[in-house]
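>>> fold the following and give me the result.
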Amino acid sequence: MSRFWRLAPWIALGAAPVAFVIATVFAASAPALDQGWTADQQQRFYQASQGSRLIPLAWFRALEQPDGSGRLFLDPSYVAGFRYLPSSVGAGLPVGFAVDVTAESALSTTKLHWKANQGASEPWVGLNCAACHTAEITYQGRTLRIDGGPTLADFQSFFEAFDLALKQTRDDPARFDRFAKRVLAGDDNPQNRTLLKGALADLVSRRQALAALNATPLRYGYGRLDAIGRIFNQLEIDAGAAQPDANPPDAPVSYPFLWNVPQQQRVEWNALTPNLPIRSKLGDVFDAGALARNTGEVLGVFGDISIVPHAGAAGYRSSVNIDNLAAFEQLIGKLKPPRWPSALFGAPDPALVQAGKTLFAARCAACHQSLARDDLTTRLDLRVSLFRAGDRFSPPGTDIWMACNAYTATVKSGAMQGTPANLVTGAPFAARDHATNLLEVAVKGALAGKSWDIAQVAGQTFFGVERPAEVTPAPPPKLPPGVHPIIIQLSPRQQKQMTCATAVSKVLGYKIRPLTGVWATAPYLHNGSVPTLYDLLLPAAQRPASFWLGTREFDPVKVGYVSTSGPDNSFLFNTRDAKGQPIPGNANTGHDYGNASLSDQDRMALIAYLKTL
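Numbering: from 1, shown residues only. As a prediction, the model looks like this:
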């Protein structure tokens, strides 16, 4: 039985009008990709809330850009500069910016009051997964929408501008006056202005605290985000840790594509979280692991959670929308990989395709499983290329920092200090503990706050990360008189690197998945450090050391976004700094399994075959 009737009733626009709008736009722009969704399902994916709460809707609509122009922050041309996609339906918010109406009884930090007689379910705006997993490409004036594809959005710059705009609104009397007039229209009086100023100051304070933890000199640019690092920092704030210290989110990755995700045993680039499908006697599937994973995502992206000491089976009060999370996962289970649009880009040459198929079978198929485009049910083997090889797959040779940071991160426990490691049983958390363990309990607590039965099922093996053994340092050896030890001091980053290079864990590496629809997922490698499929098939030393990002214009020959300088390509991705040293997090090495032995004809043949998957 479909769960979509439960999805946020405020977006009930009517399937026929929405279908007409979408069909009209896409018929005029480019061939349909047939990804298995109706127009109504697509719009629900774009607009339904998961429980994320960033800012009250009235405030967002009243907020001005931080440049002093007086123009609104939600001006479509301004938002498009960050590469978020505009929407012409629903609340008029960008794709993936969803209205949330969680009742006050479930809230803590976002229970703000800025006017008398305010309702108990005041609309807020947050992000859902469509904000990060909806792509769009253009070609010679025509446009293709790719649902479940990696966004080009510059999350880092967007929220820097957002936080600055909020701070300016708080601090500039003229700007606040304009803001208050818009927010309080019909209720604008001194009492409400005082309430609004206090509520705004509270939100700005929380945003500034989070921004301080998330500060990093590494620029993400378009199409990348260190979500794991930011989730850990959000957790430390939500836990109420005194003087929280940062886990710098300095290992941004490309947004993973969503098709075939429910078929995988484990997800995330480093295979961090499992899928745990439970099939009923009637054949319906409930994935407890997916619900837990997506709950963690909501908590990391502006979800509201009240973490209290020793909550036990009662769990934590939160804004997590269980029904919509389950419905989204069902919807993703129906999402097909996009078919190569031959009518727009041209059909691959059959002879090249056959030659590429032979090469793929000989050189790639041992790692990348074959999966038909319409196959949405076959369970996929877990294949992980580990930094320290422990199975049949060779080390990836790629940038280690996303997986390494997730494996080694610790945070202050705050209100979770002393909480059992399984929420109700297990060793109590210390004042500082592993971030993934604390996040696991936060997820269990949020689910327990909705239903203890759900928490028991979904939380049993949420992460399953083997932790490095805690080593007690040995005292230094006694040396003869006059002999001095040679002391080598490692920086914290070097210590982490040594740990991740020597430990064996199923999450110290990167997951290998089928390449169905891979043509639509540029840039490539987990950290988006290679612009096109053609460049990926070059030896690592011959790949571009820098390239431009930002345009949606597609290159159907090399397969990826056009990466030369141009008006829309405003971010220069660099793999090395000004001194020629590799930039941690940006390395474009790895995934080179004899690339030098490929001829240019071989590369084009492999690309032709990949277009057909």
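>>> you'd agree residue 258 is up against residue 134?
No - under the criterion of Cβ atoms under 8 Å, residue 258 makes no contact with residue 134, lying 9.4 Å away. C-beta here means a position set from N, CA and C on the backbone, and glycine is covered the same way.
>>> which residues do the two both contact?
Both residue 258 and residue 134 are in contact with 148, 149, where contact means Cβ atoms under 8 Å, 6 or more residues apart in numbering.
>>> ranges for the helices of the stretch 501-613 of the chain?
Taking DSSP state H, counting those that start in this stretch to define them, one finds helices in the stretch 501-613 of the chain at 533-536, 600-611.
>>> the stretch 151-300 of the chain: helices as residue ranges?
Using DSSP H, counting those that start in this stretch, the helices of the stretch 151-300 of the chain run over residues 155-171, 173-183, 190-214, 227-238, 288-300.
>>> quick check: buried residues in the longest one?
Across helix 190-214, burial judged by 16 or more other Cβ atoms under 10 Å covers 192-193, 195-197, 199-200, 203-204, 207, 210-211, 213-214.
>>> got JSON lines for those, with pLDDT and distance to residue 291 too?
JSON lines is the format used below for the buried residues of helix 190-214 (pLDDT from 0 to 100; distance: Cβ to Cβ, whole Å):
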{"residue": "192", "pLDDT": "97", "distance to residue 291": "40"}
{"residue": "193", "pLDDT": "97", "distance to residue 291": "42"}
{"residue": "195", "pLDDT": "98", "distance to residue 291": "37"}
{"residue": "196", "pLDDT": "98", "distance to residue 291": "37"}
{"residue": "197", "pLDDT": "98", "distance to residue 291": "39"}
{"residue": "199", "pLDDT": "98", "distance to residue 291": "32"}
{"residue": "200", "pLDDT": "98", "distance to residue 291": "34"}
{"residue": "203", "pLDDT": "98", "distance to residue 291": "29"}
{"residue": "204", "pLDDT": "98", "distance to residue 291": "33"}
{"residue": "207", "pLDDT": "97", "distance to residue 291": "28"}
{"residue": "210", "pLDDT": "96", "distance to residue 291": "25"}
{"residue": "211", "pLDDT": "97", "distance to residue 291": "30"}
{"residue": "213", "pLDDT": "96", "distance to residue 291": "27"}
{"residue": "214", "pLDDT": "97", "distance to residue 291": "26"}
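>>> about what we covered before: output the helices of the stretch 501-613 of the chain as JSON lines; include the columns mean neighbour count and distance to residue 349.
What follows is those, written out as JSON lines (neighbours: other Cβ atoms under 10 Å; distance: least, Cβ to Cβ, whole Å):
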{"stretch": "helix 533-536", "mean neighbour count": "24", "distance to residue 349": "15"}
{"stretch": "helix 600-611", "mean neighbour count": "20", "distance to residue 349": "6"}
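>>> now do the contacts for the residue lying closest to residue 187 once chain neighbours are set aside.
Among residues not flanking residue 187 along the chain, residue 115 sits closest, at 5.0 Å (Cβ to Cβ, 6 or more residues apart in numbering). Residues counted as contacts of residue 115 (Cβ under 8 Å, 6+ apart) are 184, 187, 192, 195, 196.
>>> just residue 290 next, same as before
Applying Cβ under 8 Å, 6+ apart to residue 290 gives the contacts 262, 275, 276, 329.
>>> ok, back up a step: of the buried residues of helix 190-214, closest to residue 244?
Using Cβ to Cβ, residue 213 comes nearest to residue 244 of the buried residues of helix 190-214, at 6.2 Å.
>>> measure the closest one to residue 237 for me?
7 Å (Cβ to Cβ, to the nearest Å).
>>> shared neighbours of these two, anything?
Shared contacts of residue 213 and residue 237, defined by Cβ under 8 Å, 6+ apart, are found at residue 244.
>>> list the buried residues for stretch 146-158?
For stretch 146-158, by 16+ other Cβ under 10 Å, it's 146-158.
>>> show me the contact partners of that stretch.
33, 35, 37, 42, 45, 82-85, 96, 131-137, 219-223, 225, 252, 254-259, 332, 335, 338, 520-521, 549-550, 552, 561, 571.
>>> can I get the buried residues of helix 190-214 in a markdown table including distance to residue 496?
Listed next are the buried residues of helix 190-214 as a markdown table, based on distance: Cβ to Cβ, whole Å:
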| residue | distance to residue 496 |
| --- | --- |
| 192 | 50 |
| 193 | 49 |
| 195 | 46 |
| 196 | 44 |
| 197 | 43 |
| 199 | 40 |
| 200 | 38 |
| 203 | 34 |
| 204 | 33 |
| 207 | 28 |
| 210 | 23 |
| 211 | 23 |
| 213 | 18 |
| 214 | 18 |
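>>> thought residue 393 was touching residue 384?
Yes - assessed by Cβ under 8 Å, residue 393 is found in contact with residue 384 at 6.8 Å.
>>> follow-up on the earlier one: switch the helices of the stretch 151-300 of the chain over to CSV; also include distance to residue 308.
Converted to CSV, the helices of the stretch 151-300 of the chain look like this (distance: least, Cβ to Cβ, whole Å):
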stretch, distance to residue 308
helix 155-171, 28
helix 173-183, 31
helix 190-214, 18
helix 227-238, 11
helix 288-300, 15
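>>> these: lowest mean pLDDT?
Across those, helix 288-300 has the smallest mean pLDDT, namely a mean of 90.
>>> tell me the strands beside whichever helix or strand comes after it, with direction?
Using DSSP states H and E, the helix or strand that follows helix 288-300 in sequence is strand 305-306. In the sheet, strand 305-306 lines up against strand 317-318 (antiparallel) (DSSP bridges).
>>> list the buried residues of the helix or strand that the strand it pairs with is followed by.
Next along the chain after strand 317-318, taking DSSP H and E as the criterion, comes helix 322-332. Residues of helix 322-332 classed as buried by neighbour count (16+ other Cβ under 10 Å): 322, 324, 325, 326, 327, 328, 329, 330, 331, 332.
>>> distance from stretch 68-85 to the middle of the chain?
Between the centre of stretch 68-85 and the centre of its chain there are 22 Å (Cα atoms, centre = their mean, to the nearest Å).
>>> endpoint to endpoint, that stretch covers what distance?
With Cα to Cα, to the nearest Å as the measure, stretch 68-85 spans 24 Å from end to end.
>>> tell me the mean pLDDT for it?
If you average the pLDDT values across stretch 68-85, you get 95.
>>> helix, strand or coil for residue 146?
Put simply, residue 146 is strand when judged by DSSP: H, G, I helix; E, B strand; the rest coil.
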